[in-house]
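Chemist: A predicted structure for the sequence below; I have some questions about it.
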There are 2 protein chains.
Amino acid sequence: MWSTVELREIRVFLTLAEELHFGRSAERLGLTTSRVSQTLRALETRVGGELFVRTSRRVRLTPLGERLLDGIRPAYERMETAFAAAREQATGVAGPLRIGTYTHLNYGPRFLEIVKAFERSHPSCHVVTTDTGLHRNPLDWLRDDELDLLAMRLPLDEPDVTIGPILSREERILAVARSHPLAGRRSVCLEDLAGYTLPYASTLPAATMDAFVPARTPSGRPLRRVEHRTVADAIVRAATGETVHPTVRSFLEHFRHPDVIGVPIRDLPASETALVWLSANRSAKIRAFVHSAEVVLA
Amino acid sequence: MWSTVELREIRVFLTLAEELHFGRSAERLGLTTSRVSQTLRALETRVGGELFVRTSRRVRLTPLGERLLDGIRPAYERMETAFAAAREQATGVAGPLRIGTYTHLNYGPRFLEIVKAFERSHPSCHVVTTDTGLHRNPLDWLRDDELDLLAMRLPLDEPDVTIGPILSREERILAVARSHPLAGRRSVCLEDLAGYTLPYASTLPAATMDAFVPARTPSGRPLRRVEHRTVADAIVRAATGETVHPTVRSFLEHFRHPDVIGVPIRDLPASETALVWLSANRSAKIRAFVHSAEVVLA
DNA sequence: ACTTCTTACGTCATTCGTAAACATC
DNA sequence: GATGTTTACGAATGACGTAAGAAGT
């Protein structure tokens, strides 16, 4: 009855305004001429006046039709463009794919290989990697739409985040100063850490951080933890003996310090990192990268 | 299957983007929440990704939804505006109503009264009158959308033009110089005009002009006709005796010249003028004015 | 337990194509 | 009579609401 115009009608109007011929318009629209006629009639009823003068020989816009065309064509084109752009963003694999991590340790040993495989499969898409640091919760980078994917340490229990393929799985070690009392051990257990200070990052999700640097020993004694914000900070504190640093094996391969050595931790399970993303943002680009990762990691 | 987005979906999306609440959106849209949910789901399928993150407690745009909103909202508003403007033009009685004539003779004796009645009934609409002159076919003013209505002399036989109420009906007279041989007659007939020169305007429709200034006498003798472009021109030529001017009675009331008098023409029917308009342009404004004219003339 | 979003399903309105009618050249 | 638009009508799609279900607070 009233102003519920639909794009179906607009499309008929715009096509007919271009073709000025019901038959050709119908063909272009994949409709029959009768449908074009009826649809246009319906639109004219809504507008309240004739949009075309038609005889069986000539079809021509009325001044009213002309005016409607001038107003609606640009709006329609803009709408289609916006829609196509959104569709591209959701389903297209092109443009930058933004992946973040905290230190390249999270990327795992095959990350470069994955990126290469992905970029080979999708030449119009390129990977941009970013270090999120520890100043903000890395998941906020996803939630604020600054990153598409995160190489993130597990465990992770956030309802809006999907956990994808595992990128690394590593033995836990304690990074300690050579001169530290624990440095001579073949291995340590958590209970041994009681009384020492451990590094801690409060910006990480609590579940993740607590699994990486426990808050208590198995027997329940609290472990003192001190905030740090950079890797350099952490390793220097370990080197000076201020902290003992529960980490993963490859930490010392990447952030070597002459005064720091690693001692295996017996009673912590291997630590994993994984590709994670916001469930709601699962786009074709993300799917494609995850697929490449799965192929390489298989 | 693909990009057949419909405004129905867009409206749901835009409303939900404002309300961020299915229930309120449904209410505003005059739908049920289930319909809002399903329609949005359909749109998301078309776009290829989630537009909102929804739990039963919170509804929030995804980055994808945000982007679509930015693109589509202005386009939608522009489209609605354009549509409303066209609807206003077609159905509204507001703004200028442009009426043209050739000399105020065509308006007839009641025109001012009609305009007053119309403007009283429709205070948001005002009449603008224009003299079309004789340099162009007056109907072109309608066809080029420079005028809405024409006070035009009949007969008129154009397939795209509607003839409305009669504005004037007048006896035919011959305007001649006082010194002219025909000036002494009580009346003349067309046959008497043979051998004289008559004024003529080739820009008027042939049917109209030929009825006003015949091309031949009843017996078939051709009447010499000479082009003129202004009333002043016509009356001066009549005054000098260069032409004899078949016109209507009131011509000499409006365009008096000391050396010109009128002699009735016995064998020409009364001449009429009427409101005419392009059939396809019959808008509410035109209908309203025609109605006022009919009321006044009744 | 309560609010809010989603899914399932039956009903009805609209859209569609076919075919015939109508109009113009 | 050929070309092109409109009208009539039956079939199928899909838009709708109701009611039950699931999920989060």
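Modeler: In hand now; what should we look at? Numbers count the residues shown, from 1 in each chain, chains lettered A, B, ... in the order given.

Chemist: going forward, measure contacts and count neighbours with C-alpha atoms only.
Modeler: Fine.

Chemist: could you tell me the angle between the top helix by length along chain A and helix B:63-91?
Modeler: Criterion DSSP state H: the longest helix present in chain A is helix A:63-91. Interaxial angle, helix A:63-91 versus helix B:63-91 (axes from the mean of the first three to the mean of the last three Cα atoms, to 10 degrees): 170 degrees.

Chemist: from the contact counts, what lies against helix A:63-91?
Modeler: Under the contact criterion of 3 or more Cα pairs under 8 Å, 6 or more residues apart in numbering or on different chains; DSSP states H and E, helix A:63-91 touches helix A:7-19, helix A:284-297, helix B:33-47, helix B:63-91.

Chemist: quick check: angle from whatever helix or strand comes next after the last one to helix B:284-297?
Modeler: This means helix B:63-91. Reading on from helix B:63-91 to the C-terminus, the next helix or strand found by DSSP states H and E is strand B:95-101. Counting by the same axes, to 10 degrees, strand B:95-101 lies at 60 degrees to helix B:284-297.

Chemist: which residues are in contact with the closest residue to A:S168 other than its chain neighbours?
Modeler: Residue nearest to A:S168 in three dimensions, not counting chain neighbours: A:G108, with 4.6 Å by Cα to Cα, 6 or more residues apart in numbering or on different chains. When contacts are counted by Cα atoms under 8 Å, 6 or more residues apart in numbering or on different chains, A:G108 touches A:L167, A:S168, A:T273.

Chemist: quick one: which of the residues you listed is most hemmed in?
Modeler: Tallying neighbours with other Cα atoms under 10 Å in any protein chain shown puts A:T273 at the head of the contacts of A:G108, with 25 neighbours.

Chemist: name the SS class of it, please.
Modeler: strand (DSSP: H, G, I helix; E, B strand; the rest coil).

Chemist: out of the helices and strands packed on helix A:63-91, the one nearest B:P269 is which?
Modeler: Go through the helices and strands packed on helix A:63-91 one by one with Cα to Cα and the one that ends up closest to B:P269 is helix B:63-91, at 37.7 Å.

Chemist: buried ones in that closest one?
Modeler: For helix B:63-91, the neighbour count (16 or more other Cα atoms under 10 Å in any protein chain shown) marks B:63-69, B:71-73, B:75-76, B:78-83, B:85-91 as buried.

Chemist: pull the longest strand from chain A.
Modeler: For chain A, the strand that runs over the most residues, judged by DSSP state E, is strand A:161-170.

Chemist: what about A:P123, neighbour count?
Modeler: 11.

Chemist: give me the residue ranges of the stretch 51-200 of chain A where confidence is low.
Modeler: A:56 (pLDDT under 70).

Chemist: how about the residues of it by DNA strand D?
Modeler: Proximity of the stretch 51-200 of chain A to DNA strand D (Cα under 7 Å from any atom of the strand) is limited to residues A:R54, A:T55, A:S56, A:R57, A:R58, A:V59.

Chemist: which residues of the stretch 151-298 of chain A fall in helices?
Modeler: For the stretch 151-298 of chain A, the helices defined by DSSP state H, counting those that start in this stretch cover A:206-212, A:231-239, A:251-254, A:284-297.

Chemist: now the residue nearest to A:L68 when sequence neighbours are not counted: how far from DNA strand D?
Modeler: Excluding the flanking residues, the one nearest A:L68 by Cα to Cα, 6+ apart is B:A86, at 5.6 Å. Taking Cα to the nearest atom of the strand, to the nearest Å as the measure, B:A86 falls 19 Å from DNA strand D.

Chemist: I figured B:A86 hits A:L69, correct?
Modeler: No. With contact defined as Cα atoms under 8 Å, B:A86 does not reach A:L69; the gap is 9.4 Å.

Chemist: just to revisit the earlier point, now the contacts of A:G108 in CSV, with distance to A:C189?
Modeler: Shown next, in CSV, are the contacts of A:G108 (distance: Cα to Cα, whole Å):
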residue, distance to A:C189
A:L167, 26
A:S168, 22
A:T273, 22
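
Chemist: what does stretch A:259-272 contact?
Modeler: For stretch A:259-272, the external contacting residues (Cα under 8 Å, 6+ apart) are A:153-155, A:166-179, A:183, A:185-190, A:212, A:235, A:238-239, A:246, A:248-249, A:252.

Chemist: stretch A:130-143 too?
Modeler: Residues from elsewhere that reach stretch A:130-143 (Cα under 8 Å, 6+ apart): A:98-104, A:147-150, A:201, A:203-205, A:229-230, A:277-278.

Chemist: filter those down to the buried ones, ChimeraX style.
Modeler: This is how ChimeraX selects the buried members of the contacts of stretch A:130-143, with burial counted by 16+ other Cα under 10 Å:
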select /A:98,99,100,101,102,103,104,147,148,149,150,201,203,204,205,229,277,278
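
Chemist: distance of the spatially closest residue to A:E294 that is not a sequence neighbour from A:T208?
Modeler: With sequence-adjacent residues excluded and distances taken as Cα to Cα, 6+ apart, A:E294 is closest to A:P165, at 6.4 Å. Computed as Cα to Cα, to the nearest Å, the A:P165 to A:T208 distance reads 17 Å.

Chemist: is A:E113 in contact with A:V296, as I believe?
Modeler: Yes. Taking contacts as Cα under 8 Å, A:E113 lies within contact range of A:V296: 7.3 Å.

Chemist: what bridges to A:T273?
Modeler: In this entry, A:T273 is beta-bridged to A:R153, A:S168, by DSSP bridges.

Chemist: which residue does the stretch 101-250 of chain A bring closest to chain B?
Modeler: A:D145 (6.4 Å; Cα to the nearest Cα).

Chemist: list the contacts of the residue nearest to A:L198 when sequence neighbours are not counted.
Modeler: Closest residue to A:L198 apart from its sequence neighbours, by Cα to Cα, 6+ apart: A:R225 at 4.6 Å. A:R225 sits next to A:T197, A:L198, A:P199, A:Y200, A:A215 when contact means Cα under 8 Å, 6+ apart.

Chemist: out of those, list just those in strands.
Modeler: A:T197, A:L198, A:P199, A:Y200.

Chemist: A:L150 belongs to a helix?
Modeler: No. Counting by three-state DSSP, A:L150 falls outside a helix, being strand.

Chemist: among the helices of the stretch 151-298 of chain A, which comes closest to A:R41?
Modeler: When those are compared by Cα to Cα, helix A:284-297 sits nearest A:R41, at 41.1 Å.

Chemist: quick one: that closest one to strand A:161-170, angle?
Modeler: Going by the same axes, to 10 degrees, helix A:284-297 makes 30 degrees with strand A:161-170.

Chemist: buried ones in helix A:284-297?
Modeler: A:A284, A:K285, A:I286, A:A288, A:F289, A:V290, A:H291, A:S292, A:A293.

Chemist: nearest spatial neighbour of A:V213, chain-adjacent residues omitted?
Modeler: Per Cα to Cα, 6+ apart, closest to A:V213 is A:P246, 6.3 Å.

Chemist: mind listing what the residue of the stretch 151-298 of chain A found nearest DNA strand C touches?
Modeler: Across the stretch 151-298 of chain A, the shortest distance to DNA strand C (Cα to the nearest atom of the strand) belongs to A:A280, at 11.3 Å. By Cα under 8 Å, 6+ apart, the residues touching A:A280 are A:D160, B:G49, B:E50, B:F52, B:V53, B:T62.

Chemist: where's it relative to A:P138, distance?
Modeler: A:A280 is 17 Å from A:P138, by Cα to Cα.

Chemist: again with A:E50
Modeler: A:E50 sits 59 Å away from A:P138, going by Cα to Cα.

Chemist: number of residues surrounding the residue of the stretch 101-250 of chain A found nearest DNA strand D?
Modeler: Using Cα to the nearest atom of the strand, A:P159 is the residue of the stretch 101-250 of chain A that sits closest to DNA strand D, at 7.0 Å. When counting by other Cα under 10 Å, one arrives at 8 neighbours for A:P159.

Chemist: please apply the same query to A:G220.
Modeler: Neighbourhood size, A:G220 [other Cα under 10 Å]: 10.

Chemist: phi first, then psi, for it.
Modeler: Main-chain dihedrals, A:G220, degrees, to the nearest 10: phi 100, psi 0.
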